[in-house]
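K.L.:
give me coordinates for this.
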Amino acid sequence: MVASRNRLLRSAVALAARNMCVFPCAPRTKIPATGHGVLDATVDREVIERWWHDNPDYNVAVATGMPSGLFILDVDGIDAEVELRRLEAKHADLPSTVEVITARGRHLWFKMPDTELRNSVGKLASGLDIRAAGGYALTPPSIHPCGRRYAWSVDCANTIAEAPAWLLASIAPSDGASGIEAAPASAWREMVTNGITEGARNDSVTRLTGHLLRRYVDPWVVLELVRTWNVARCRPPLADEEIQQIVNSIAGRELKRRQEAMDDNIARLAELHSQGDGKRPKQADVLIALADVAVLFHSPAPDCDAFADITVNGHRETHRIRGQGFRQWLRHQFFRKTKTGANSDALQVATETIAAKAMFEGDEHEVHCRIAEHGGTIYIDIGDKDWIAIKVTAAGWDIVADHPVRFLRAPSMRPLPVPARGGSIELLRPFCNLSQDGFTLFVAVLLAGLRPQSNYPVAVLTGEQGTGKSSLVRLLARLIDPRMPEQRSTPRTEEDLLVAAKGQHFLSFDNVSGLPDWLSDAICRLSTGGGAGKRRLYTDEDEVLFSGRRLVAINGIEDVAVRPDLVDRAVMLALEPIAEKQRRDEAEYNAEFARIAPKVLGALLDGAVSRPPGSLTSPAWLISRCGRRPALGRIGQPGHFWRHTVPTWRPRLTWCWRRARSGRRCSSSWPIAPHGKEPRAHYCPCSRVSSPSRPPERNPGPSGPTFSAASCAG
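P.N.:
Next comes the predicted model:
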């Protein structure tokens, strides 16, 4: 065995001494053992010895094409021999040349002609393949996957022969690859020596550049050579800028051609994996086996989709099996194992099979988007690359790396700021163009968004141009569910809304001028719970279903929430125009908010856990209760919010909007009946008594402004 190993190294060194570029393949396979395969082929003895020192059993492969100055005719089997005899009888016998005996046939080595040749399969005849530019072949004494050893033919010549003209004509590229027309060596020598006159300069420079690049001359060397030849032999010379433009263009096309040649080579290796000699498993089987390291499961109805938990860099990630994330992971696992790429058909078969295993053999688990509740504890997905989460309990909150909840991430998701302790909700106040009561409602919406699967308000922001509506909605998104893009236009169909809701916890629609009835109804269902579905692509009966609740924000200049059911669910916030001297640079605004965002989020979490025991995930959400210390007062510094603050949202009540004399809007914090109906009595949840529909004047908190119903009358 030691002698056999030494033979492999000696063979590689001997080929390199004849200026043939070699590289290693995995033992008893045709799979490259280096990261870039044939592109790593070299004649450097030190590199070669290091390769075979790492693994003395590596097979020896020679790179075909210009690097080694040869191409190989692969005669694969008895039928191929018959076809070759037929061609020789028609044209002429092939000359005696170097010959390698393979497991099923033989390899005939020929000198590479001046014209470029590509890899081809069956182009000459069935079973007669060409290994040329971008290709490679195993050499003796390598071992074939079937166990037979490659050997030099004892009847062959000792030197590599030139291929006959009929063979070159039969295998020459027919599509003018890279736009470089083939020409004999004498034509190139004549052009370089005699030069070119006006009228043929551009074409000649293009052809000469391609000729050099096809022979793997460094592009920078080609540029300098062509520049020198242009000055010395072109009459008159082309401008230097034009020469550089031509060389850049041809170099780009040559790079693309080489990549295509490499793709052909990868496809050939993939074919060996999938078909082979009957002993090698198919690609799809390899992919399915690789997925055994993942934990497969499925989600409950109505979603009923297949998922996988995979381990990446020491942490758990959850991906939809039919999604792009899992498919990319599976492709990477296949490449790590085989050093080749998986074809699309095999990947499709594998993912559908893995999905079926998850549906029928895997356990059932809930999959959540950004926020979830598990065992009375709230978990919030931060969305970073380490998949850490915020754990919120009645006792407090903390950052955890290991948690029981499975979160699914959409490509648009961006990370939340990592919350920090010691902050105050008042840090957010300078970034909000809101009155004191409006700011209180805004914080209530933020707190509502940090609760999983409950009835959510619909935040409706209105105001003139330049009131900061879009900026305020972006703050909501950055503290609850950051996305890119942060705001979107209204969906055109309910299907578009369904797709957005499946991948987002918070949906925001920017610069809305009006809501069609179907969209208003759909937003209501998202607010308080409902479902939707659409037909799954390429099927007649299957549906894509969604059932759940989402926080929604809408902003616009006009009143967009006009239907009673949407008004019942809405928190209305009116914004006043911002004076020119109070405006801030957007970059400065964003940078300052990014600085304080961790402490603001930490303050919100402090407020969430300061509720009475058992109310952390309760649907009954109020900012405070009349006559009691408000819950929000415990966020940051106590007392910054009114002692008497009305409920954030109550069914069948809406906020009163009145115009001031200036034509601007202000918001009243007193709920009244919808337009055209009798006003309802105000209900105090603490005193359990009804008060008149027009409330008496109310006292502010320590830092709040004087507030009364009359102050809103304009």
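K.L.:
low-scoring pLDDT stretches of this protein, where are they?
P.N.:
1-5, 155, 173-184, 198-200, 261-280, 302, 530-547, 610-714 (pLDDT under 70).
K.L.:
outline the domain layout of it.
P.N.:
As given by automatic domain parsing, the domain ranges for the chain are 2-171, 177-274, 283-364, 425-691.
K.L.:
quick one: closest of those domains to L408.
P.N.:
domain 283-364 (5.7 Å; C-beta to C-beta). Just so you know, the C-beta spots here come from the backbone N, C-alpha and C atoms, and that holds for glycine as well.
K.L.:
now do the end-to-end distance for the closest one.
P.N.:
29 Å (C-alpha to C-alpha, to the nearest Å).
K.L.:
coming back round to it: I'd like the domains of the chain as TSV, with mean neighbour count and distance to V418 appended.
P.N.:
Shown next, in TSV, are the domains of the chain (neighbours: other C-beta atoms under 10 Å; distance: least, C-beta to C-beta, whole Å):
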stretch	mean neighbour count	distance to V418
domain 2-171	18	36
domain 177-274	16	41
domain 283-364	17	16
domain 425-691	18	6
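K.L.:
mind putting those in CSV, distance to D381 included?
P.N.:
CSV is the format used below for those (distance: least, C-beta to C-beta, whole Å):
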stretch, distance to D381
domain 2-171, 35
domain 177-274, 37
domain 283-364, 10
domain 425-691, 9
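K.L.:
next one: stretch 295-312 to chain centre, how far?
P.N.:
19 Å (C-alpha atoms, centre = their mean, to the nearest Å).
K.L.:
stretch 326-339 now?
P.N.:
Using C-alpha atoms, centre = their mean, the offset of stretch 326-339 from its chain centre is 16 Å.
K.L.:
list the contacts of that stretch.
P.N.:
For stretch 326-339, contacts defined as C-beta atoms under 8 Å, 6 or more residues apart in numbering pick out 26, 31-33, 35, 37, 273, 283, 286-287, 290-291, 293, 308, 310, 312, 319-320, 340-342, 347, 350-351.
K.L.:
which ones among these are found in strands?
P.N.:
Mapping the contacts of stretch 326-339 onto strands (DSSP state E) picks out A308, I310, V312, H319, R320.
K.L.:
contacts only, for the second one.
P.N.:
With contacts defined as C-beta under 8 Å, 6+ apart, the neighbours of I310 are V293, A294, V295, R316, E317, H319, F326, W329.
K.L.:
closest one to V460 out of these, please.
P.N.:
H319 (35.4 Å).
K.L.:
who's H107 bridged to?
P.N.:
Beta bridges link H107 to D74, V100, judged by DSSP bridges.
K.L.:
thinking it is in contact with A137, fair?
P.N.:
Yes: H107 lies in contact with A137 (C-beta atoms under 8 Å); the separation is 5.8 Å.
K.L.:
anything in contact with each of those two?
P.N.:
Counting by C-beta under 8 Å, 6+ apart, the residues touching both H107 and A137 are I72, D74, V100, R131.
K.L.:
farthest pair within these?
P.N.:
It's V100 and R131 that sit farthest apart of those, by C-beta to C-beta, at 11.3 Å.
K.L.:
what is in contact with those two at once?
P.N.:
H107, A137.
K.L.:
what is the helix or strand S527 falls within packed up against?
P.N.:
According to DSSP states H and E, S527 maps onto helix 517-528. Contact analysis of helix 517-528 by 3 or more C-beta pairs under 8 Å, 6 or more residues apart in numbering; DSSP states H and E lists strand 458-463, helix 494-503, strand 530-535, strand 551-556, helix 564-569 as its packing neighbours.
K.L.:
for the nearest residue to R569 once chain neighbours are set aside, what are its contacts?
P.N.:
The shortest distance from R569 to any non-neighbouring residue, by C-beta to C-beta, 6 or more residues apart in numbering, is to S527 (4.5 Å). The contact partners of S527, by C-beta under 8 Å, 6+ apart, come to N455, Y456, P457, V458, R549, R550, V552, R569.
K.L.:
one more time with 7 Å, if that's ok
P.N.:
If you count contacts by C-beta atoms under 7 Å, 6 or more residues apart in numbering, S527 has them with N455, Y456, V458, R549, V552, R569.
K.L.:
kindly report the same for P113.
P.N.:
A163, L168.
K.L.:
how far away is the closest residue to E364 other than its chain neighbours from H368?
P.N.:
Nearest in space to E364, with sequence neighbours left out and distances taken as C-beta to C-beta, 6+ apart, is P300 at 5.4 Å. According to C-beta to C-beta, to the nearest Å, P300 stands 12 Å off from H368.
K.L.:
and A500, by the same measure?
P.N.:
16 Å.
K.L.:
please apply the same query to S126.
P.N.:
Using C-beta to C-beta, one gets 56 Å for the distance from S126 to H368.
K.L.:
rewinding a little: out of the helices and strands packed on helix 517-528, nearest to I160?
P.N.:
Closest approach to I160 among the helices and strands packed on helix 517-528 (C-beta to C-beta): helix 494-503, 59.8 Å.
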